[in-house]
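In: coords below, sequence missing:
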């Protein structure tokens, strides 16, 4: 299955609490794993928030390895329109989702990607979004 890796699994991988290689081998296989430009923003904010120079360097190095390893999916016009339609559909149901998460979901919907996330409580409120099985890879 083609998968978009959410910021939550990237952070868990950096912390050593999610087995990314096993997930990629057993779930993604020969398909593609990508990240959203939104996750680039969120993860890099974590780099900038590091409380020591040493910790910032460790996070920056990991961030650079992510950028080298994965294709980054930008937000285009069609993604923005999918975002707006999804947001309006959820609003009619009385459901609210944060704007970053909604852009990540819209990217998945627009590009026919399953979402690998450790934040399934938030994303499962979008009925048309496919969630990849990630829990069994939590360490």
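Out: Good, I have the coordinates. Just so you know, these numbers come straight off a predicted model, no measurement behind them.

In: Let me know the secondary structure of residue 59.
Out: Classification of residue 59 using DSSP: H, G, I helix; E, B strand; the rest coil returns helix.

In: Correct me if wrong: it contacts residue 14.
Out: Yes - counting by C-beta atoms under 8 Å, residue 14 is a contact partner of residue 59 at 7.2 Å. Bear in mind the C-beta positions are built from the backbone N, C-alpha and C, glycine included.

In: List the contacts of stretch 125-139.
Out: Stretch 125-139 is contacted from outside by 1, 3, 9, 12, 16-20, 22-23, 26-27, 86, 90, 95, 97, 105, 108-109, 113-118, 120, 123-124, using C-beta atoms under 8 Å, 6 or more residues apart in numbering.

In: Quick one: end-to-end length of stretch 83-103, please.
Out: One end of stretch 83-103 to the other measures 6 Å (C-alpha to C-alpha, to the nearest Å).

In: now do stretch 112-132
Out: One end of stretch 112-132 sits 12 Å from the other (C-alpha to C-alpha).
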